[in-house]
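[1] Compute the structure for the input listed below.
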Amino acid sequence: MRFRIKLFWGILLWFLIAGIAFSAEKRIVIIKSSDSPAFRAATEGVKKELRRGDFLPVFIEYDLSSNFPDEQQIIPKIRELSPDLIVTVGSKSTGLISKGIKDIPIVFSAVLNPISSGFAQSMISSGSNLTGASWDIPLKTQLEKFRLIVPGLHKMGVIFTRDSEPVVTEAKKVCKEIGLELVSVSVSSEKEIPQALENMGQKIDGLWAVADTIIFTPQSTQYLLLHTLRNGIPFMGPFSSFVQAGALFSLIWDDKDIGRQAGELALRVLSGEDPGRISITTPRMIYLILNLRTAEQINLKIPPQIVSVAKEVYQ
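    Numbering: from 1, shown residues only. This is a model prediction of the structure:
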């Protein structure tokens with residue numbers, strides 16, 4: 001008799017625990033733009049953070065590039081799943097999902113320029129059902145680091161297109177605050193880059209780059225690198241691959257931590273906060289990549305204290 005009573009209470013307790021666990025489930029759809037290492041790391045960071053919540057996360061993960069050859073199929077599929085939250089990783093998936101779904105919270109990760117991309121009204125408030133963790137290293141951080149590495153920097157050049165114009169407009173304000181002059185030249189295609197560099201001539205002490213797919217094709221990137229090396233112009237590349245190819249330096253972020261930041265925002269959304277009122281984050285872990293071979297070639301001496309804090313040094 002005692003055994004039956006214990007068995008009864010044991011089964012009842014199991015059902016209660018199972019019922020609580022089931023009621024605490026959160027269905028989370030994760031959509032990556034592709035299966036690149038950066039997106040995989042960001043996704044891992046998102047999941048790790050969401051597992052810290054007081055609920056059971058049920059992840060349903062898709063790779064947009066391989067799971068959905070017809071991109072128009074993804075929206076009906078998500079609606080069929082009825083998720084509590086959608087996490088997008090990369091600009092392509094963020095753009096597609098944010099246009100098609102307005103009534104389910106969306107948290108993005110690994111996105112550059114969310115405002116000029118049309119994902120958000122501002123970094124403080126998206127004005128929609130979306131928030132997220134961007135790849136955008138604050139402009140002031142970028143420009144102050146440039147001046148620290150190149151002490152003689154007074155006039156900085158930048159080439160931009162209509163797509164990157166909002167970033168350059170903001171950079172002009174920051175330059176004015178910190179005592180730099182920004183010499184900006186607009187182009188509409190990569191073919192205009194040689195003339196843009198010619199127009200800058202000897203007016204600049206360094207060249208800063210904004211991530212822009214119109215400007216940075218394989219051919220134009222090679223031209224920019226050769227031009228800056230031959231003319232002794234310190235060039236800050238937008239990505240670490242530029243430094244390996246010959247740019248002086250670049251600032252990079254930690255992809256997994258970007259994912260963690262998105263996961264932290266997702267926890268806030270799942271707890272009931274309005275995503276449209278949660279500020280979009282910028283990278284909190286920033287690393288310096290240096291090319292000392294380039295520094296030597298352009299006759300620039302990098303202070304030892306700067307070299308010592310670089311995450312990677314090419315020499």
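[2] looking at it, F239 is touching I252, isn't it?
    Yes - taking contacts as C-beta atoms under 8 Å, F239 lies within contact range of I252: 7.2 Å. To be clear about C-beta, it is placed using only N, CA and C from the backbone, and glycine gets the same treatment.
[3] which one is the spatially most central residue of the chain nearest to, not counting chain neighbours?
    Closest to where the C-alpha atoms of the chain average out (C-alpha atoms, centre = their mean) is W135, at 2.0 Å. Nearest residue to W135 in three dimensions, chain neighbours excluded: L112, at 4.8 Å (C-beta to C-beta, 6 or more residues apart in numbering).
[4] give the contact list for that neighbour.
    By C-beta atoms under 8 Å, 6 or more residues apart in numbering, L112 lies in contact with 91, 134-136, 211.
[5] and these as TSV, adding secondary structure?
    Shown next, in TSV, are those (DSSP: H, G, I helix; E, B strand; the rest coil):
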residue	secondary structure
S91	helix
S134	strand
W135	coil
D136	coil
A211	coil
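[6] out of these, which is most surrounded?
    The most neighbours of any of these, using other C-beta atoms under 10 Å, belong to S134, which has 25 neighbours.
[7] Need the pLDDT of that one.
    Per-residue confidence (pLDDT) for S134: 97.
[8] so it bridges to which residues?
    When assigned by DSSP bridges, S134 has beta-bridge partners V111.
[9] S220 and E190 touch, don't they?
    Yes - judged on C-beta under 8 Å, S220 makes contact with E190 at a distance of 4.0 Å.
[10] Neighbours of the nearest residue to A41 once chain neighbours are set aside, how many?
    In this structure, A41 finds its nearest non-sequential neighbour in D255, 3.9 Å apart by C-beta to C-beta, 6+ apart. For D255, the count of nearby residues is 24 (other C-beta under 10 Å).
[11] Tell me where the stretch 51-200 of the chain has strands.
    In the stretch 51-200 of the chain, the segments counted as strands under DSSP state E, counting those that start in this stretch are 56-63, 85-89, 106-111, 130-134, 155-160, 181-186.
[12] closest one to I215 among these?
    strand 155-160 (5.8 Å; C-beta to C-beta).
[13] Output the closest one as CSV, nothing but the C-alphas.
    C-alpha atoms of strand 155-160 as CSV (Å, rounded to 0.1, in the frame of the first residue of the first chain):
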residue,chain,number,x,y,z
LYS,A,155,42.6,65.5,-42.8
MET,A,156,41.0,62.1,-43.4
GLY,A,157,39.6,61.0,-46.7
VAL,A,158,36.6,58.7,-47.3
ILE,A,159,34.9,57.5,-50.5
PHE,A,160,31.2,56.8,-50.3
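[14] and after the host helix or strand of I252, which helix or strand comes next?
    Element membership for I252, per DSSP states H and E: strand 249-253. Moving toward the C-terminus from strand 249-253, the next helix or strand (DSSP H and E) is helix 255-270.
[15] Flag every buried residue along that next one.
    By neighbour count on 16 or more other C-beta atoms under 10 Å, the buried set for helix 255-270 is 255-267, 269-270.
[16] Could you point out the member of the residues you listed that lies closest to A247?
    Checking the buried residues of helix 255-270 one by one against A247 (C-beta to C-beta), the nearest turns out to be D255, at 20.0 Å.
[17] still on that earlier bit, surely the residue nearest to the centre of the chain touches P114?
    No - between W135 and P114 no contact is recorded; they are 9.3 Å apart, counting by C-beta under 8 Å.
[18] Let me know the pLDDT of S125.
    Value listed for S125 in the pLDDT field: 91.
[19] gap between it and K145?
    28 Å (C-beta to C-beta, to the nearest Å).
[20] same check, this time on E165
    Taking C-beta to C-beta, one finds E165 at 23 Å from K145.
[21] If you count neighbours, what's buried in stretch 184-191?
    In stretch 184-191, counting by 16+ other C-beta under 10 Å, buried: 184-185, 187, 190.
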